[in-house]
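Trainee: when you get a sec, could you give me coordinates for this:
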Amino acid sequence: MNSYGDPSSSRGRAQIPGANGDPGAGSADAYRRGDDARGSWSEAPAQPGRASVPPRGPAAGGRASVGGSAPVPPRAGGASGSASVGSASVGSASVGRAVPGRASVPVSPAPGGPTAGRAGAGRASVPVSPAPVSPAGRASVGSAAVGGLAGRASVGRAGVASVSGGPGGPAGPGGPGRPSGGRSGRGAGDPGASARAKKRRRINIMIAGFAVLIMLAGIGVVGFTYYSTTVVLPAQVPLPLSTTVYAKDNKTVLAKLGSENRQLVKITEIPQHVQDAVAAAEDRNFYRHSGVDYKGIARAAWNNISGGDKQGASTITQQYARNAYENLKEDSYARKVKEAILASKLNEKYSKPEIMEHYLNVIYFGRGAYGIEAAAQTYFGVQTKQLTVAQAAVLAALIKQPVASDTHKGYDPAVNPVDAKSRWTYVLDGMAAEGWINAPNKPQRPTDAEYPKTLSPKKAGSTAFGVATPRGNVINYVRQEMEQWGICSDSGAAGKISCVDALRDGGYRIQTTIDPKLQTAAENTAMRAKKNSELSDQPKNLMAAVVSIEPNSGRVLAYYGGDSGADFDYAGKNTDKNGDLVGGHQPGSSFKVYTLAAAVNAGISVKSHWDATPFKPEGFDSPVQNAGRDVSRTCGKWCTLEFSTIQSYNVPFFHVTEKIKPSTVLDMAKQAGVSTIWTVDPPKAYDLNKNDPKDLAPSKFDRVIGYGQYPVTVLDHANGLATLANDGKYNKAHFVIKVEKQNVDTGKWEMVASEKLKPQQRIRADVAKEVTGVLKQIPGPNNRSLDGGREAAAKTGTWEYDSRHNAHAWMVGYTPQLATAVWVGSRDPKKPQIIDKDGNDIGGSKLPGAIWQRYMNAALNGKDRESLPSATGMGDQDAGNGTEPAPPPAPEEPNCNPLDIFCRRGPGNNPGPGNNPGNPDTPETPTDPGGGNPTGPGPGGGGNLPTLVPRTRE
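Mentor: Numbering: from 1, shown residues only. Okay, the predicted model is just below:
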C-alpha cells in the first residue's frame, strides 16, 4: 500500500521514570525506537544537598545523597565512613572524638556537571560523635575519596575548631550547631581503624585496576571491530523489507511492503523546523556529537554491569544505521558496539544534513507510513514542505512509539490522545530550549489550542497503506483477506495484531492470484500513462477500470483500479472524507444480465413478448423510455425478451421487474456475486451479505433496478459475470493463494494460510446457460467480436449524466475461461460528462468496448476456443404483457383471367412483426449507446430518474 519494515516496532524500552523530563518515561517495556528493550540512556538528575555520615565509630559506613563532589580541607581524624554521591562511590572518612555536633562542610561542583552524571555543588553535613569533655574538644572528619568513572569526589579532612563551654554552650550538647545528644565514637586512639582503612584502600585499588583492565580490553575490541568492519554506503544498502508479495507464478514481485509507501524527499525540501522537531524528540545533541554519545554509553554500561536496567543510547545516526543495516537487528552488546562503529563512520562520511535526510526517509511513523513524506500525507494530507511547526512536532513525537504495545498505547493521537499531546509538548520544550523556536528569525511556539488534528486511521487508510503503483490496490485486498483468515485485525480485535503491523513486521511471503501477463495487458489497455493505450490520447478527465476473474476458481487474474494503491480505487470500495463507503458506478443496461437471469429463473421464457412502448408509470414525473429510439419501427408492443436484451430496451425490463418484483432481481444479483449496492438519492451503501433483499426492495431499490440505476463496483460486477460463465456456480472473488512465514529458528518457510475454494451452485445451470445463449448474440452486432471467431457473451451499458450526455459506460462479458468487467467514467467531479476526443458521447460499445475487446484478445491468446450454449426458449412464452399486432389485411387480388399473363398479382406471403421483428443484431449507434442517451426527458437507456439529481462523486 514502503517497506512495512520498522524492524524495531515490537521492541521495548527500559526507562527511569521522569528521565530528562520525558513524559513517556516510566514504562519498563515501552517502545523506544526499537532499541532492543533499551531506551536512551537517562537518569534522574541528582539534587544538591548535604552529605550526612552517621556517627557509627571508626568503621561506620553511611550512605548520603550528595549533589556533587569537592575537596574538603583536611583537618584531623581517625574513624572511617562511606558516602554515596549521586551514583558514585565515596571513599573513607575518619571521625575523631568530639562532643556531640555536626560539621558543615562546603562542597564544590565536580568536573563534568550533571551531563556526565555528577551532581551540583552543596554542603556535606557530617554528624560528629561526642568527644571527651574538654574545653578544647575537637571533631575531625577523615578523608573521603569520591571520583573515577563512577563519579568519585575527593573529600579532604575536615576539622572542627576547639570551642569552650560546657553543656548548653556554643559547642556543647544542645548548643548552636549541635544536636541535643549523640553517640560516643572511637577516637584516634582506636588501634584497628588504621588497619581497616589500609585494607579498604587495597580493595579499592584492586577494583580500580580490574576496571581499567576491562576498559582496555573493551577499547581493544572496539578498535579491532572498527578497523575490521566494512561499512557500505547508505545509498548502496536496501531499506529493510519485511514482507514480499508475489504474483501467481510466485516469482514476479508485485510489491515489497514498506518500500512502496515511502516517498523519498531531499533535505532541501524538508523545512528546518521539521528537522529541528525530530532532533528535539530523538537526539538534542545531534548537531554536537560525532554520531555516538560516548558518555551515555559509559553511563549505561556501568548501570548494566552493576545490575541495573539494560539500557542503550541511540542517537539519530545510530537509529539510521540500525534501520539501514540488516545485521543490526539482534539483541546483544556486540550489536550495540557495531552499531556505534557504523554510526561513527557514517558521521565521518556524511554531513549532518545528509544523515538527517537518510534518517527521515527511513524511520517509521505508524499507520504504514515510512519516511517523513508518507507520514505527512498519512496524518495530515499534506506534503512535507507544507508541514507547520505544530504538525512537525506531532510527527516527531510519534517516532518514539508509533504503534501500541502490550504496555503502552503509543503516541498516535487517534489512539492515545493524552500521551500524544504530552509528548508533543515535550518536543516543543526541547525546540525552545535549543533556540529552534521562539528565537530571532525562528518560528513561534504553537499554543496548546493550536494542537493539530490528524486524519483518522480509517479515513487515512487508503493513503497510509498501499503502494504507489497500479498494482498497489492488490495489497489492500491482501490485507483484507488476511483479516478474514484471522491472521490479523484491522478492527482492533483483542489479542490480534493489526494487519498493517502484521504485513510490516511479520516477515510474510504472499502469493497472490494476479497473472503477470493479464495484469500487464489490463494496464497496457486501460492505463492512461501507457503509450498506445485506449485512453492515452483521450480527454484527461476520463478514467477506466478493469477487473478480470477466472470463473472456475474466483481468482482475480487482473485488477486495474487506478495508477496508485494510495489513491482512489475506481474498481472497488473506498471511504470518502466523511467516512462513507463509496466506489460504485451506475451499471446501466449491463445490469440487465441479472434481471434476465431472474426472469428465466422465475419461469419466463426469453421468447415471451413484452410491450416496449414508452409509458409513464404511476408516481413517475416522466415516462420510461428506450434511449429515444422509435420501437414502432421494430417490434412496438410485441418484443421478445431476447430481442429486448440485445437491443437494450428499457421498457420491457421495467415490466419484467414489476412482474417478478425488484427484490427478486436484487437477490439474483446477490447470488451471482454482487456484495454491495448503493442507493442514489441519498447515496448509501448496503451490504447484501448482511441484508435480506426483501427488506431492501422496493423500499430502497425500486423497479428501475431492472435496467441498472443503482451503483455497483467493477469487482462485484466481474464476480457476477464469472458466476454466469461458470454455469451458475459461484466462487468468491479473491486475491491470495497462500501466505507463508519464515521460521526464525530454522529459516524455513511455513504455511500460515491458503485459499480454500468453496464453489456454490447459486444459479441453476440451465438458467445460466440460457442467459449466455442470449448474451453471446451481442458482441458481433457491436463490432466487438473476439479474434479467431471465439464465442463470447457480453452486455453493454450506459448511464446518463443529463438528457444530453453520459456519465458511466460499461462493457462486461465472458468466455468459459475468463470473465471481465470494464468501466469508463470521469475522475473529475467538476466534469462528470464522458465525451471522447472527437466530441462524441461515450457509450458502452465505444471506449469500454474497445478496452474489453483488446484485453480479452490479449488475455485469451493461445487458449482453446470453447463454444457457448444457445438460447432454447425454455419457460412460459406467454408470460409477457405484449400485444400481438393484427396481421395486415391481404391485398385485394385483381380479377384476372388465368390465361392473362399481364395481369398484376399480389406479393403473396407477408408475415407481420411476429416474434422477432426488425433486425435483432442492430448494433449500438452514436445515438443509442447500449441503452444510453434518451432524446427526451426521463430514464432512457438506464438514465437517471427525472426526479433525481445526477450524483457526482467527490
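
Trainee: just the helices from the stretch 301-450 of the chain, written as ranges.
Mentor: Along the stretch 301-450 of the chain, counting by DSSP state H, counting those that start in this stretch, helices occupy 316-324, 333-349, 352-362, 371-380, 389-398, 417-433.

Trainee: next, the buried residues of the third one.
Mentor: Right, helix 352-362. 352, 355-362 (16 or more other Cβ atoms under 10 Å). All C-beta atoms are positioned from the backbone trio N, CA, C, and that covers glycine.

Trainee: does anything pack onto it? Which helices or strands?
Mentor: helix 272-282, helix 316-324, helix 371-380 (3 or more Cβ pairs under 8 Å, 6 or more residues apart in numbering; DSSP states H and E).

Trainee: got TSV for the ones you listed, with distance to V403, mean pLDDT and mean neighbour count too?
Mentor: Listed next are the helices and strands packed on helix 352-362 as TSV, based on distance: least, Cβ to Cβ, whole Å; pLDDT from 0 to 100; neighbours: other Cβ atoms under 10 Å:
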stretch	distance to V403	mean pLDDT	mean neighbour count
helix 272-282	16	95	23
helix 316-324	16	79	26
helix 371-380	13	89	26
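
Trainee: of those, which is nearest Y426?
Mentor: helix 272-282 (7.5 Å; Cβ to Cβ).

Trainee: got a list of contacts for the closest one?
Mentor: 33, 267, 286-287, 314, 316, 319, 353, 356, 359-360, 372, 384, 387, 389, 392-393, 395-397, 399-400, 423, 426-431, 434, 436-437, 443 (Cβ atoms under 8 Å, 6 or more residues apart in numbering).

Trainee: just the buried ones out of the residues you listed, please.
Mentor: Buried among these (16+ other Cβ under 10 Å): 33, 267, 286, 314, 316, 319, 356, 359-360, 372, 384, 387, 389, 392-393, 395-397, 399-400, 423, 426-431, 434, 436-437, 443.

Trainee: tabulate the helices and strands packed on helix 352-362 in a markdown table, adding columns for distance to R790.
Mentor: What follows is the helices and strands packed on helix 352-362, written out as a markdown table (distance: least, Cβ to Cβ, whole Å):
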| stretch | distance to R790 |
| --- | --- |
| helix 272-282 | 58 |
| helix 316-324 | 53 |
| helix 371-380 | 45 |
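
Trainee: of all those helices, which lies closest to G862?
Mentor: helix 371-380 (40.9 Å).

Trainee: just checking, what packs against the closest one?
Mentor: Helix 371-380 packs on helix 352-362, helix 389-398, helix 461-464, going by 3+ Cβ pairs under 8 Å, 6+ apart.

Trainee: tabulate those helices (TSV), appending distance to P869.
Mentor: Output for the helices and strands packed on helix 371-380, formatted as TSV (distance: least, Cβ to Cβ, whole Å):
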stretch	distance to P869
helix 352-362	58
helix 389-398	60
helix 461-464	41
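
Trainee: out of the ones you listed, which is closest to N861?
Mentor: Of all the helices and strands packed on helix 371-380, helix 461-464 comes closest under Cβ to Cβ, at 34.0 Å.

Trainee: which parts of the next helix or strand along the chain from the closest one are buried?
Mentor: The helix or strand immediately downstream of helix 461-464 is helix 472-484, counting by DSSP states H and E. Using 16+ other Cβ under 10 Å as the test for burial, helix 472-484 gives 472-483.

Trainee: residues making contact with helix 472-484?
Mentor: Contacts of helix 472-484 (Cβ under 8 Å, 6+ apart): 1, 245, 254-255, 257, 260, 462, 465-467, 488-491, 499-500, 502-503, 510, 512, 514, 556, 559, 561-562, 564-566, 569, 571-572, 734-736, 739, 753.

Trainee: helices or strands up against the next helix or strand after that helix?
Mentor: Reading on from helix 472-484 to the C-terminus, the next helix or strand found by DSSP H and E is helix 499-505. With contacts taken as 3+ Cβ pairs under 8 Å, 6+ apart, helix 499-505 sits against helix 472-484.
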